[in-house]
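Trainee: sequence first, predicted model second:
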Amino acid sequence: MSNDFTFAITSIGFDENYQPSDNTRITTNFANLARGESRQENLRNALKMIDNRFNALAHWDNPEGSRYSVELEIISVEMDIDNKGNGHTFPTIEILKTNIVDHKTNTRIEGIVGNNFSSYVRDYDFSVLLLNHNKGQPKFSIPDDFGDLHGKLFKCFVNSDTYKQNFIKHPVICLSISDKVTYHQTGNQHPVLGVEYQPHESSLTEKYFKKMGLEVRYFMPPNSVAPLAFYFFGDLLNDYNNLELISTISTMETFQKIYRPEIHNANAVAGKCYKPNLKNPDHSLTRIVYDREERSKLAVKQGKVAEENFIKPYQSILEQWSASYAS
């Protein structure tokens, strides 16, 4: 479409020297690790956890468990709001790109783009719009058009020339499961993704990501203690090879062990019928400590940043574009 927005991509390496940019949401996983006095130790420990998990999963022809390491790039997406190139841009999305280094063959293998998903507009939807919609209401409800704009913006980016010029495959986003839903183990098992689970109902996150065009499947990888949610286009099991999938599992499971240890670093493995519990006392902590209470407060602030700098000033442009957008 001629009236589609245009996008620009920048990337920065995520290593022990990483410093978040001014446009990065400070609640996003990788930015949180890079804060405070222990920032470098946090980053070093998290990256080591990722490499160790990768080698444990990619154990074939890897007797010492040190054949591979994972390199991460933070991909920042800026959207040109009025398509005039006059500097009216907004930081729309941030995602992670994995790259795999094979030290045995001295080769660098492209991994998966997506993984972590960061969006100011999502903060606005969940921490401003949804809260305002339910203020003073006796029963929680969701606006009919909840997530419509965000979903169309995401699809517009994935279908853009900018995306196609930079990435070969569609994104895969990997998140924690919902603590409000019960998951049931199926008979399906994948050698890398592990045992598949199915939810008894759709979570709000699942419905929100569906508007982004993404399907979801839930798998508990080998030696994990809880399933992860994999959001994808196409065919998750056949569009990506084992090393690509392992790069996503090792990266995102590490983040979840740090931020949701009650679920993803629990001392008991999820059973055939599993209800996640964020108050589960029987879990282990990593050496990387994170303030979740601060994160929830910051999400509201970031949602208001989106409202004041994007939603309100460009409301008529966004509404007109959204009404005419066709996937």
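Mentor: Alright, I've got the coordinates.

Trainee: N99 against G111, yeah?
Mentor: Yes: using C-beta atoms under 8 Å, N99 makes contact with G111 at a distance of 5.3 Å. The way it works is simple: take the backbone N, C-alpha and C, and place the C-beta from them, glycine included.

Trainee: tell me which of these two has more neighbours.
Mentor: Taking other C-beta atoms under 10 Å, N99 and G111 do not tie; G111 has more neighbours (29 against 16).

Trainee: tell me who's in contact with the more buried one.
Mentor: By C-beta atoms under 8 Å, 6 or more residues apart in numbering, the residues touching G111 are 70, 97-100, 243-244, 247-248.

Trainee: and it, what helix or strand is that in?
Mentor: Here G111 sits within strand 107-118, counting by DSSP states H and E.

Trainee: which helices and strands does the very next helix or strand once past that strand pack with?
Mentor: Downstream of strand 107-118, the first helix or strand assigned by DSSP H and E is helix 120-124. Other helices and strands packing on helix 120-124, by 3 or more C-beta pairs under 8 Å, 6 or more residues apart in numbering; DSSP states H and E, are strand 89-102, helix 148-158, helix 292-306.

Trainee: now mean pLDDT too, for the ones you listed, in CSV please.
Mentor: Shown next, in CSV, are these (pLDDT from 0 to 100):
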stretch, mean pLDDT
strand 89-102, 93
helix 148-158, 95
helix 292-306, 75
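
Trainee: closest one to S224 among the ones you listed?
Mentor: Among the helices and strands packed on helix 120-124, the nearest to S224 by C-beta to C-beta is strand 89-102 (17.7 Å).

Trainee: could you measure I81 against Y18, distance?
Mentor: I81 sits 28 Å away from Y18, taking C-beta to C-beta, to the nearest Å as the criterion.

Trainee: just S119 next, same as before
Mentor: 20 Å.

Trainee: which one's more surrounded, these two?
Mentor: Neighbours per residue, other C-beta under 10 Å: of S119 and Y18, the larger number sits with S119, 23 against 19.

Trainee: check contacts around that one.
Mentor: Residues counted as contacts of S119 (C-beta under 8 Å, 6+ apart) are 25, 92-94, 150, 154.

Trainee: for it, what are phi and psi?
Mentor: phi -160, psi 120 (degrees, to the nearest 10).

Trainee: and if you look at Q198?
Mentor: phi -130, psi 140.

Trainee: burial measure for it, as a count.
Mentor: For Q198, using other C-beta under 10 Å, the count is 13.

Trainee: ok, it touching F219?
Mentor: No: taking contacts as C-beta under 8 Å, Q198 lies outside contact range of F219: 10.7 Å.
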